[in-house]
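In: Okay, here's the prediction I keep looking at, along with the sequence it came from:
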2 protein chains.
Amino acid sequence: MRDRHPLDDLDRLLLALVQQDARRPLHELGDEVGLSPSAVQRRLTRLRRTGAIRAEVAVVAPEAVGAELTSLVLVALADDDPEHHAAFRARMRAEACVQQCYAIVGQWDYAVLLVTRDIAENRELSRRLFVSDFGVRRYETFPSSGAVKSGLTLPIEPG
Amino acid sequence: MRDRHPLDDLDRLLLALVQQDARRPLHELGDEVGLSPSAVQRRLTRLRRTGAIRAEVAVVAPEAVGAELTSLVLVALADDDPEHHAAFRARMRAEACVQQCYAIVGQWDYAVLLVTRDIAENRELSRRLFVSDFGVRRYETFPSSGAVKSGLTLPIEPG
DNA sequence: TCGCGCATGCAAAAATCTTGCACGCATCGG
DNA sequence: CCGATGCGTGCAAGATTTTTGCATGCGCGA
């Protein structure tokens, strides 16, 4: 969270590297950016502490764990009642199958990325998450027929 | 890719752990699942080799690198010409600002998650990516006013 | 029953990470 | 102008972690 430090080019370079592969040893990263292993180490710990690096995680293949169906669900709530929105958000955060959820502006209020075992589970989940309470007015599901690209790899430019 | 092995419960448990935090030492994971460090190690390398673990990456905070604006773009191509689709997909894969892109079924063909510095860059990018060539018929942009939940954390259940 | 494949634990060896220390460099105030 | 101070660095020792060889145990099929 705390971006006390403005991030210099070396920081950005390191971020670009570790967001591709977080397992590379410090001396390798060091070679690449022209820094000693310990300097790299200290920068990384600072980036972690300040929140520039949120986490270091393994990316699991959905098929490998039986998550065969990914779908995008657009949701519109019935009103702008903050309570309804808060409840909806909380529900999204709590539900494991909700991989991502963005509040969006336009004719829809939320975009939800749902990962489920199959169509049945998806439907069951939708029925549970997107109706009645939470003040959902309507929702529309777009099943994915395949991820063209998926990841959290941000574009990082110097400067 | 190769899911030669069916993944037992320990594998799933390990996946669930490392997808939360890929930096925990083997002996810690071992304690948690009841396995020696080397056994954990061998399972993890197998999971990597078979593709169940796609990558281990650092999750970078978008704001930290000047990516202030995330938006969802729904895209419909003009026709089902495989060439057009292939070209479009290639373009999506190539573009750094395209974080995610899913082929979807319904009134839209693709859902694209665009990460940009600001509205100007977003617009510039859209103009470049979603018109003329690639056979894009129309597209609609939904700027995100905040991520309720974002990550690649899959639900992993035993069995 | 025997043999084989496979996963495990253990322990040694290798690699990596961590940390204390001294130095260089820039900024700031006297 | 000059010394104090803060900050980041490299180096090297020490701690931790990862990797690997080896022997064992278990399940399954011949």
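Out: Thanks, I have it.
In: mind showing which ranges of chain A have poor pLDDT?
Out: A:1-4, A:132-133, A:158-159 (pLDDT under 70).
In: At the contact with DNA strand C, which residues of it appear?
Out: A:25, A:26, A:27, A:37, A:38, A:41, A:42, A:45 (C-beta under 7 Å from any atom of the strand). No exception for glycine: its C-beta is placed from N, CA and C like everyone else's.
In: ok, and the most crowded of those residues?
Out: Counting neighbours by other C-beta atoms under 10 Å in any protein chain shown, the top entry in the residues of chain A next to DNA strand C is residue A:26, with 17 neighbours.
In: Show me what residue A:139 bridges to in the sheet.
Out: As for beta bridges, residue A:139 partners with residue A:75 under DSSP bridges.
In: ok, it touching residue A:75?
Out: Yes. If you go by C-beta atoms under 8 Å, residue A:139 and residue A:75 touch, sitting 4.4 Å apart.
In: Among these two, which residue is more densely surrounded?
Out: Using other C-beta under 10 Å, the more surrounded residue of residue A:139 and residue A:75 is residue A:75, with 23 against 18.
In: tilt between the strand or helix carrying residue A:100 and strand B:98-104?
Out: Remark: residue A:100 resides in strand A:98-104, with elements defined by DSSP states H and E. In terms of direction (axes from the mean of the first three to the mean of the last three C-alpha atoms, to 10 degrees), strand A:98-104 departs from strand B:98-104 by 110 degrees.
In: Surely residue A:6 is in a helix?
Out: No. Assessed by DSSP: H, G, I helix; E, B strand; the rest coil, residue A:6 does not belong to a helix; its assignment is coil.
In: and the most centrally placed residue in chain A, what does it touch?
Out: Residue closest to the mean C-alpha point of chain A, counted by C-alpha atoms, centre = their mean, is residue A:100 at 5.6 Å. By C-beta atoms under 8 Å, 6 or more residues apart in numbering or on different chains, the contact list for residue A:100 reads A:111, A:112, A:113, B:147, B:149, B:150, B:151.
In: Find residues that contact each of residue A:139 and residue A:75.
Out: With C-beta under 8 Å, 6+ apart as the test, residue A:139 and residue A:75 both reach residue A:130.
In: Domain parsing of chain A, as residue ranges.
Out: What the record gives for chain A is the domain set A:9-50, A:62-143, from automatic domain parsing.
In: which residues touch the residue of chain A most remote from its centre?
Out: Here the centre of chain A is the reference, and by C-alpha atoms, centre = their mean the most remote residue is residue A:36, at 31.5 Å. By C-beta under 8 Å, 6+ apart, residue A:36 lies in contact with residue A:30.
In: Can you pull the phi/psi pair for it?
Out: phi -80, psi 160 (degrees, to the nearest 10).
In: Which parts of chain A are helices?
Out: A:9-18, A:26-33, A:37-50, A:82-94, A:119-129 (DSSP state H).
In: And the longest one, what does it pack against?
Out: So the one you mean is helix A:37-50. helix A:9-18, helix A:26-33 (3 or more C-beta pairs under 8 Å, 6 or more residues apart in numbering or on different chains; DSSP states H and E).
In: for the last one, packing partners?
Out: With contacts defined as 3+ C-beta pairs under 8 Å, 6+ apart, the secondary structure elements packing on helix A:26-33 are helix A:9-18, helix A:37-50.
In: Determine which two of the residues of chain A next to DNA strand C are furthest apart.
Out: A:27 and A:45 (16.0 Å; C-beta to C-beta).
In: one step back: most tightly packed of the helices and strands packed on helix A:37-50?
Out: Ranked by mean neighbour count, the helices and strands packed on helix A:37-50 are led by helix A:9-18 with a mean of 19 (mean count of other C-beta atoms under 10 Å in any protein chain shown).
In: Can that one be said to contact DNA strand D?
Out: Yes. Applying C-beta under 7 Å from any atom of the strand, one finds helix A:9-18 in contact with DNA strand D at residue A:10.
In: Now do that helix: distance to the chain's middle.
Out: 20 Å (C-alpha atoms, centre = their mean, to the nearest Å).
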